[in-house]
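>>> take a look and give me a structure for this.
(one chain, ligands or ions: 2)
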Amino acid sequence: MTLTLPAPAKLNLFLHINGRRDDGYHLLQTLFVLLEHGDTLHLQPANDLQVHCPGLPGAMTDNLVYRAAKLLQAHTGTRQGAHIYVTKRLPAGGGLGGGSSDAATALLGLNRLWELGLSLDTLAQLGLELGADVPVFVRGHSAFAEGVGEQLTSVDVPEQWYLVVFPGVFVSTQEIFCDRELTRNTPPITVQAVLGAAPETQLGNDCEPVARRLFAEVDEALGWLERHVGTGRMTGTGACVYATVANWQKGAKLLAHLPPRWSGFVARSCNTSPLHRVLEDKG
Ligand SMILES: C[C@@](CO)(OP(=O)(O)O)[C@H](O)COP(=O)(O)OP(=O)(O)OC[C@H]1O[C@@H](n2ccc(N)nc2=O)[C@H](O)[C@@H]1O
Ligand SMILES: Nc1ncnc2c1ncn2[C@@H]1O[C@H](COP(=O)(O)OP(=O)(O)O)[C@@H](O)[C@H]1O
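Ligands and ions are numbered 1, 2, ... in the order given. Model prediction:
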(Lines give C-alpha, C1' and ligand atoms only; values in the text may rest on other atoms or scores of the structure.)
(Ligands and ions follow the chains in the order given, each with its own letter.)
Protein backbone atom coordinates (compact mmCIF):
# COMPACT_ATOMS: atom_id res chain seq x y z
CA MET A 1 0.00 0.00 0.00
CA THR A 2 1.39 3.43 -1.01
CA LEU A 3 -0.01 6.64 0.44
CA THR A 4 0.43 9.47 -2.09
CA LEU A 5 0.03 12.96 -0.62
CA PRO A 6 0.57 16.55 -1.78
CA ALA A 7 2.92 19.03 -0.09
CA PRO A 8 1.61 22.40 -1.27
CA ALA A 9 3.56 25.64 -1.62
CA LYS A 10 2.76 28.76 0.38
CA LEU A 11 2.99 32.45 -0.39
CA ASN A 12 3.51 35.22 2.14
CA LEU A 13 1.06 37.90 0.99
CA PHE A 14 2.96 40.37 3.18
CA LEU A 15 5.80 40.04 5.68
CA HIS A 16 6.56 42.59 8.40
CA ILE A 17 9.47 42.38 10.81
CA ASN A 18 8.40 43.94 14.11
CA GLY A 19 11.38 43.22 16.33
CA ARG A 20 14.01 40.75 17.41
CA ARG A 21 14.13 38.41 20.41
CA ASP A 22 17.16 38.06 22.65
CA ASP A 23 17.97 34.71 20.98
CA GLY A 24 18.25 36.46 17.59
CA TYR A 25 14.95 35.14 16.19
CA HIS A 26 12.78 37.79 14.56
CA LEU A 27 9.29 38.78 15.62
CA LEU A 28 7.19 38.97 12.51
CA GLN A 29 3.69 39.26 11.14
CA THR A 30 2.71 37.59 7.90
CA LEU A 31 -0.25 36.26 5.96
CA PHE A 32 0.17 32.74 4.59
CA VAL A 33 -1.91 31.37 1.74
CA LEU A 34 -1.51 27.86 0.32
CA LEU A 35 -1.32 27.00 -3.37
CA GLU A 36 -2.73 24.18 -5.49
CA HIS A 37 0.84 23.37 -6.58
CA GLY A 38 3.72 21.69 -4.81
CA ASP A 39 5.75 18.56 -4.15
CA THR A 40 4.34 15.02 -3.83
CA LEU A 41 5.26 12.41 -1.21
CA HIS A 42 4.79 8.67 -1.73
CA LEU A 43 4.87 6.80 1.60
CA GLN A 44 5.14 3.02 1.89
CA PRO A 45 5.25 1.01 5.10
CA ALA A 46 8.64 -0.71 5.61
CA ASN A 47 10.87 -2.12 8.33
CA ASP A 48 13.46 0.65 8.05
CA LEU A 49 13.37 4.39 7.28
CA GLN A 50 14.51 5.61 3.85
CA VAL A 51 13.91 8.92 2.11
CA HIS A 52 14.59 9.35 -1.62
CA CYS A 53 14.48 12.94 -2.85
CA PRO A 54 15.99 13.16 -6.36
CA GLY A 55 17.33 16.58 -7.28
CA LEU A 56 17.92 17.81 -3.74
CA PRO A 57 21.61 17.83 -2.79
CA GLY A 58 22.67 16.79 0.69
CA ALA A 59 22.54 13.74 2.91
CA MET A 60 19.30 11.83 3.42
CA THR A 61 19.55 12.45 7.16
CA ASP A 62 19.45 16.24 6.57
CA ASN A 63 16.22 16.01 4.61
CA LEU A 64 13.33 17.57 6.54
CA VAL A 65 11.20 14.54 5.61
CA TYR A 66 13.68 12.18 7.26
CA ARG A 67 13.99 14.47 10.29
CA ALA A 68 10.18 14.63 10.60
CA ALA A 69 9.97 10.82 10.55
CA LYS A 70 12.73 10.47 13.18
CA LEU A 71 10.97 13.03 15.38
CA LEU A 72 7.72 11.04 15.20
CA GLN A 73 9.53 7.80 16.00
CA ALA A 74 11.25 9.43 19.00
CA HIS A 75 8.05 11.06 20.26
CA THR A 76 5.88 7.95 20.06
CA GLY A 77 8.45 5.17 20.47
CA THR A 78 7.10 3.40 17.39
CA ARG A 79 9.51 1.02 15.67
CA GLN A 80 7.64 1.13 12.37
CA GLY A 81 9.52 2.36 9.30
CA ALA A 82 8.70 3.73 5.87
CA HIS A 83 10.17 4.25 2.43
CA ILE A 84 9.34 7.78 1.32
CA TYR A 85 9.84 9.04 -2.23
CA VAL A 86 9.66 12.82 -2.72
CA THR A 87 8.86 14.34 -6.12
CA LYS A 88 10.28 17.87 -5.83
CA ARG A 89 8.69 20.65 -7.86
CA LEU A 90 9.31 23.52 -5.45
CA PRO A 91 12.79 25.07 -5.55
CA ALA A 92 14.68 24.77 -2.24
CA GLY A 93 15.34 28.20 -0.77
CA GLY A 94 12.58 29.62 -2.93
CA GLY A 95 10.47 31.13 -0.15
CA LEU A 96 7.66 28.74 -1.11
CA GLY A 97 8.16 26.65 2.03
CA GLY A 98 8.81 23.44 0.08
CA GLY A 99 11.00 21.79 2.70
CA SER A 100 8.63 22.79 5.51
CA SER A 101 5.62 21.54 3.55
CA ASP A 102 7.36 18.21 2.82
CA ALA A 103 8.02 17.88 6.56
CA ALA A 104 4.37 18.61 7.43
CA THR A 105 3.13 16.09 4.85
CA ALA A 106 5.52 13.49 6.28
CA LEU A 107 4.19 14.16 9.82
CA LEU A 108 0.54 13.86 8.79
CA GLY A 109 1.16 10.99 6.37
CA LEU A 110 3.15 8.89 8.83
CA ASN A 111 0.64 9.65 11.59
CA ARG A 112 -1.93 8.02 9.25
CA LEU A 113 0.33 5.21 7.94
CA TRP A 114 1.57 4.20 11.39
CA GLU A 115 -1.88 4.72 13.00
CA LEU A 116 -0.42 6.95 15.73
CA GLY A 117 -3.56 9.00 16.34
CA LEU A 118 -1.67 12.22 17.19
CA SER A 119 -3.70 15.46 17.10
CA LEU A 120 -2.95 18.39 14.77
CA ASP A 121 -1.92 20.37 17.88
CA THR A 122 0.74 17.79 18.75
CA LEU A 123 1.94 17.50 15.15
CA ALA A 124 2.17 21.31 14.83
CA GLN A 125 4.18 21.47 18.06
CA LEU A 126 6.55 18.76 16.79
CA GLY A 127 6.76 20.52 13.42
CA LEU A 128 7.91 23.76 15.01
CA GLU A 129 11.09 21.94 16.10
CA LEU A 130 11.88 21.47 12.39
CA GLY A 131 11.17 25.03 11.23
CA ALA A 132 9.06 28.11 11.89
CA ASP A 133 6.99 27.46 8.75
CA VAL A 134 6.03 23.84 9.44
CA PRO A 135 2.98 24.47 11.73
CA VAL A 136 0.99 26.36 9.08
CA PHE A 137 1.31 23.39 6.71
CA VAL A 138 0.32 20.98 9.51
CA ARG A 139 -2.82 23.00 10.28
CA GLY A 140 -3.56 23.34 6.57
CA HIS A 141 -5.41 26.62 6.38
CA SER A 142 -4.62 30.20 5.29
CA ALA A 143 -3.38 31.97 8.39
CA PHE A 144 -2.21 35.22 9.90
CA ALA A 145 1.02 34.46 11.75
CA GLU A 146 2.73 36.31 14.58
CA GLY A 147 5.50 35.66 17.09
CA VAL A 148 8.34 33.97 15.24
CA GLY A 149 5.72 32.65 12.84
CA GLU A 150 4.23 30.02 15.12
CA GLN A 151 1.20 31.92 16.53
CA LEU A 152 -1.41 31.22 13.90
CA THR A 153 -4.88 32.66 13.43
CA SER A 154 -6.84 30.80 10.79
CA VAL A 155 -8.37 33.23 8.26
CA ASP A 156 -10.21 33.07 4.95
CA VAL A 157 -8.57 35.01 2.14
CA PRO A 158 -10.09 35.50 -1.35
CA GLU A 159 -8.86 32.61 -3.54
CA GLN A 160 -6.96 33.95 -6.56
CA TRP A 161 -4.71 32.91 -9.44
CA TYR A 162 -1.00 33.65 -9.02
CA LEU A 163 1.92 33.75 -11.41
CA VAL A 164 5.01 32.66 -9.46
CA VAL A 165 8.52 33.22 -10.84
CA PHE A 166 11.65 31.50 -9.57
CA PRO A 167 14.64 33.65 -10.54
CA GLY A 168 17.07 30.73 -10.25
CA VAL A 169 18.97 31.78 -7.14
CA PHE A 170 19.06 30.18 -3.70
CA VAL A 171 18.32 32.69 -0.94
CA SER A 172 19.25 31.62 2.56
CA THR A 173 16.65 32.73 5.12
CA GLN A 174 19.45 33.26 7.62
CA GLU A 175 21.42 35.54 5.27
CA ILE A 176 18.43 37.87 4.89
CA PHE A 177 17.75 37.89 8.64
CA CYS A 178 21.42 38.67 9.40
CA ASP A 179 21.60 41.67 7.07
CA ARG A 180 22.42 44.95 8.80
CA GLU A 181 20.05 46.93 6.61
CA LEU A 182 16.97 44.77 7.33
CA THR A 183 14.37 47.01 9.01
CA ARG A 184 13.03 45.43 12.19
CA ASN A 185 10.68 48.11 13.51
CA THR A 186 7.47 47.91 11.50
CA PRO A 187 4.61 48.65 13.94
CA PRO A 188 2.37 45.62 14.61
CA ILE A 189 -1.02 45.60 12.91
CA THR A 190 -4.22 43.75 13.72
CA VAL A 191 -5.61 40.82 11.77
CA GLN A 192 -8.71 42.94 10.99
CA ALA A 193 -6.51 45.62 9.41
CA VAL A 194 -4.73 42.96 7.36
CA LEU A 195 -7.92 41.44 6.02
CA GLY A 196 -9.28 44.85 5.02
CA ALA A 197 -6.10 45.83 3.20
CA ALA A 198 -5.67 43.71 0.02
CA PRO A 199 -2.37 42.58 1.57
CA GLU A 200 -0.35 41.79 -1.55
CA THR A 201 -0.79 45.29 -2.93
CA GLN A 202 -1.03 47.50 0.17
CA LEU A 203 1.24 45.77 2.67
CA GLY A 204 4.86 45.06 1.89
CA ASN A 205 7.58 42.54 2.52
CA ASP A 206 10.33 44.02 4.73
CA CYS A 207 12.78 41.43 3.40
CA GLU A 208 12.30 42.51 -0.21
CA PRO A 209 14.69 45.53 -0.28
CA VAL A 210 17.45 43.37 1.27
CA ALA A 211 16.94 40.49 -1.19
CA ARG A 212 16.81 42.93 -4.12
CA ARG A 213 20.11 44.46 -3.05
CA LEU A 214 21.88 41.13 -2.44
CA PHE A 215 20.48 39.20 -5.42
CA ALA A 216 20.38 40.94 -8.81
CA GLU A 217 18.13 38.17 -10.22
CA VAL A 218 15.45 38.81 -7.56
CA ASP A 219 15.57 42.51 -8.40
CA GLU A 220 15.28 41.78 -12.13
CA ALA A 221 12.41 39.31 -11.67
CA LEU A 222 10.47 41.86 -9.61
CA GLY A 223 11.19 44.48 -12.27
CA TRP A 224 9.87 42.07 -14.93
CA LEU A 225 6.61 41.51 -13.00
CA GLU A 226 6.22 45.25 -12.39
CA ARG A 227 6.57 45.90 -16.15
CA HIS A 228 4.40 43.01 -17.38
CA VAL A 229 1.74 42.67 -14.66
CA GLY A 230 1.88 46.05 -12.94
CA THR A 231 2.87 44.74 -9.49
CA GLY A 232 5.22 42.20 -8.00
CA ARG A 233 5.91 40.93 -4.51
CA MET A 234 8.51 38.59 -3.02
CA THR A 235 7.40 35.60 -0.91
CA GLY A 236 9.08 35.02 2.47
CA THR A 237 12.79 35.75 2.39
CA GLY A 238 12.90 34.99 -1.36
CA ALA A 239 13.86 34.04 -3.95
CA CYS A 240 10.45 33.59 -5.62
CA VAL A 241 8.33 36.56 -6.67
CA TYR A 242 4.69 36.59 -7.66
CA ALA A 243 1.70 38.59 -8.86
CA THR A 244 -2.02 37.93 -9.04
CA VAL A 245 -3.44 37.28 -12.50
CA ALA A 246 -7.08 37.27 -13.62
CA ASN A 247 -7.13 33.59 -14.63
CA TRP A 248 -4.98 30.62 -15.64
CA GLN A 249 -4.85 31.63 -19.33
CA LYS A 250 -3.51 35.13 -18.49
CA GLY A 251 -0.84 33.59 -16.26
CA ALA A 252 0.15 30.97 -18.83
CA LYS A 253 0.52 33.64 -21.53
CA LEU A 254 2.84 35.69 -19.30
CA LEU A 255 4.77 32.53 -18.39
CA ALA A 256 5.43 31.87 -22.08
CA HIS A 257 7.31 35.20 -22.26
CA LEU A 258 9.43 34.60 -19.17
CA PRO A 259 13.19 34.97 -19.78
CA PRO A 260 14.47 31.39 -20.34
CA ARG A 261 16.90 31.51 -17.42
CA TRP A 262 13.96 31.67 -15.00
CA SER A 263 11.18 29.20 -14.35
CA GLY A 264 7.70 29.63 -12.97
CA PHE A 265 4.19 28.30 -12.64
CA VAL A 266 0.58 29.47 -12.44
CA ALA A 267 -1.53 28.22 -9.54
CA ARG A 268 -4.66 29.05 -7.62
CA SER A 269 -4.58 29.76 -3.90
CA CYS A 270 -6.83 27.80 -1.58
CA ASN A 271 -7.96 28.35 2.01
CA THR A 272 -7.92 24.62 2.83
CA SER A 273 -4.74 22.68 2.08
CA PRO A 274 -4.87 20.06 -0.72
CA LEU A 275 -3.14 17.75 1.79
CA HIS A 276 -6.04 17.95 4.24
CA ARG A 277 -8.58 17.48 1.47
CA VAL A 278 -6.82 14.32 0.23
CA LEU A 279 -6.47 12.91 3.76
CA GLU A 280 -10.17 13.53 4.39
CA ASP A 281 -11.11 11.82 1.10
CA LYS A 282 -9.01 8.79 2.06
CA GLY A 283 -10.95 8.66 5.35
C1 LIG B 1 10.44 34.18 7.48
C2 LIG B 1 9.85 33.05 6.68
C3 LIG B 1 8.45 33.47 6.27
O4 LIG B 1 7.70 32.49 5.69
O5 LIG B 1 10.68 32.87 5.54
P6 LIG B 1 10.81 31.72 4.38
O7 LIG B 1 11.73 30.65 4.88
O8 LIG B 1 9.45 31.23 4.11
O9 LIG B 1 11.43 32.39 3.21
C10 LIG B 1 9.79 31.79 7.55
O11 LIG B 1 8.98 32.00 8.70
C12 LIG B 1 11.10 31.22 7.99
O13 LIG B 1 10.79 29.89 8.37
P14 LIG B 1 11.81 28.68 8.17
O15 LIG B 1 12.39 28.70 6.78
O16 LIG B 1 11.09 27.44 8.62
O17 LIG B 1 12.92 29.15 9.14
P18 LIG B 1 13.77 28.34 10.20
O19 LIG B 1 14.37 27.15 9.52
O20 LIG B 1 12.97 28.17 11.44
O21 LIG B 1 14.94 29.41 10.49
C22 LIG B 1 16.02 29.68 9.60
C23 LIG B 1 16.84 30.81 10.19
O24 LIG B 1 16.15 32.06 9.97
C25 LIG B 1 16.21 32.90 11.11
N26 LIG B 1 14.86 33.20 11.58
C27 LIG B 1 13.79 32.40 11.23
C28 LIG B 1 12.51 32.72 11.64
C29 LIG B 1 12.33 33.89 12.44
N30 LIG B 1 11.12 34.26 12.85
N31 LIG B 1 13.39 34.66 12.77
C32 LIG B 1 14.64 34.33 12.36
O33 LIG B 1 15.59 35.05 12.66
C34 LIG B 1 17.06 32.18 12.13
O35 LIG B 1 18.38 32.65 11.99
C36 LIG B 1 17.01 30.72 11.69
O37 LIG B 1 18.20 30.06 12.00
N1 LIG C 1 12.61 18.01 1.52
C2 LIG C 1 13.24 19.19 1.39
N3 LIG C 1 12.90 20.03 0.41
C4 LIG C 1 13.50 21.26 0.28
N5 LIG C 1 14.49 21.69 1.07
C6 LIG C 1 14.87 20.88 2.08
C7 LIG C 1 14.28 19.61 2.27
N8 LIG C 1 14.87 19.07 3.34
C9 LIG C 1 15.78 19.93 3.78
N10 LIG C 1 15.81 21.03 3.02
C11 LIG C 1 16.67 22.23 3.22
O12 LIG C 1 15.80 23.32 3.63
C13 LIG C 1 16.24 24.56 3.04
C14 LIG C 1 15.17 25.29 2.21
O15 LIG C 1 13.92 24.96 2.58
P16 LIG C 1 12.63 25.40 1.74
O17 LIG C 1 11.49 25.25 2.68
O18 LIG C 1 12.52 24.68 0.46
O19 LIG C 1 12.92 26.90 1.38
P20 LIG C 1 12.22 28.21 1.88
O21 LIG C 1 12.19 28.15 3.40
O22 LIG C 1 13.05 29.31 1.35
O23 LIG C 1 10.86 28.19 1.28
C24 LIG C 1 17.39 24.20 2.13
O25 LIG C 1 18.56 24.55 2.81
C26 LIG C 1 17.32 22.70 1.93
O27 LIG C 1 18.57 22.10 1.75
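
>>> skipping adjacent residues, who's closest to the closest residue to ligand 2 within the stretch 51-200 of the chain in space?
The minimum distance from the stretch 51-200 of the chain to ligand 2, using Cβ to the nearest ligand atom, falls at G99 (3.0 Å). For every residue, glycine as well, the C-beta is placed using N, CA and C. Distances taken as Cβ to Cβ, 6 or more residues apart in numbering put L64 closest to G99, at 4.5 Å, once the chain neighbours are dropped.

>>> roughly how far does the one you found sit from ligand 1?
9 Å (Cβ to the nearest ligand atom, to the nearest Å).

>>> in the stretch 151-283 of the chain, where is pLDDT below threshold?
200 (pLDDT under 70).

>>> give me the element the residue in it that ligand 1 sits nearest to is part of.
Nearest to ligand 1 in the stretch 151-283 of the chain, going by Cβ to the nearest ligand atom, is G236, at a distance of 2.5 Å. Here G236 is covered by no helix or strand, with elements defined by DSSP states H and E.

>>> next one: G24
Per DSSP H and E, there is no helix or strand for G24.

>>> could you look up the SS state of the nearest residue to E181 once chain neighbours are set aside?
Leaving aside its sequence neighbours, E181 sits nearest to V210 (Cβ to Cβ, 6+ apart; 6.0 Å). Classification of V210 using DSSP: H, G, I helix; E, B strand; the rest coil returns helix.

>>> same question for the one 10 residues further on.
For E220, the reduced secondary structure class is helix; criterion used: three-state DSSP.

>>> and for it, nearest residue in space, chain neighbours not counted?
Per Cβ to Cβ, 6+ apart, closest to E220 is P167, 6.9 Å.

>>> list the contacts of that neighbour.
F215, E217, V218, E220, A221, A239, C240, V241, W262 (Cβ atoms under 8 Å, 6 or more residues apart in numbering).

>>> following the top helix by length along the chain, which helix or strand comes up?
Using DSSP state H to define each element, the chain has its longest helix at helix 98-113. Proceeding N to C from helix 98-113, the next assigned helix or strand is helix 120-128, under DSSP H and E.

>>> mind listing what's buried in that next one?
Going by neighbour count (16 or more other Cβ atoms under 10 Å), the buried part of helix 120-128 is L120, T122, L123, A124, Q125, L126, G127, L128.

>>> repeat for stretch 91-107
Neighbour-count burial for stretch 91-107, counted by 16+ other Cβ under 10 Å, picks out 91-107.

>>> pLDDT score for the closest residue to ligand 1 within the stretch 1-150 of the chain?
Proximity of the stretch 1-150 of the chain to ligand 1 (Cβ to the nearest ligand atom) peaks at G131, 2.8 Å away. With respect to pLDDT, G131 has a value of 93.

>>> and the host helix or strand of L279, what's buried?
Using DSSP H and E, the element containing L279 is helix 274-281. For helix 274-281, the neighbour count (16+ other Cβ under 10 Å) marks P274, L275, H276, V278, L279 as buried.

>>> tabulate those in a markdown table, adding columns for distance to ligand 2.
Shown next, in a markdown table, are the buried residues of helix 274-281 (distance: Cβ to the nearest ligand atom, whole Å):
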| residue | distance to ligand 2 |
| --- | --- |
| P274 | 17 |
| L275 | 15 |
| H276 | 19 |
| V278 | 18 |
| L279 | 19 |
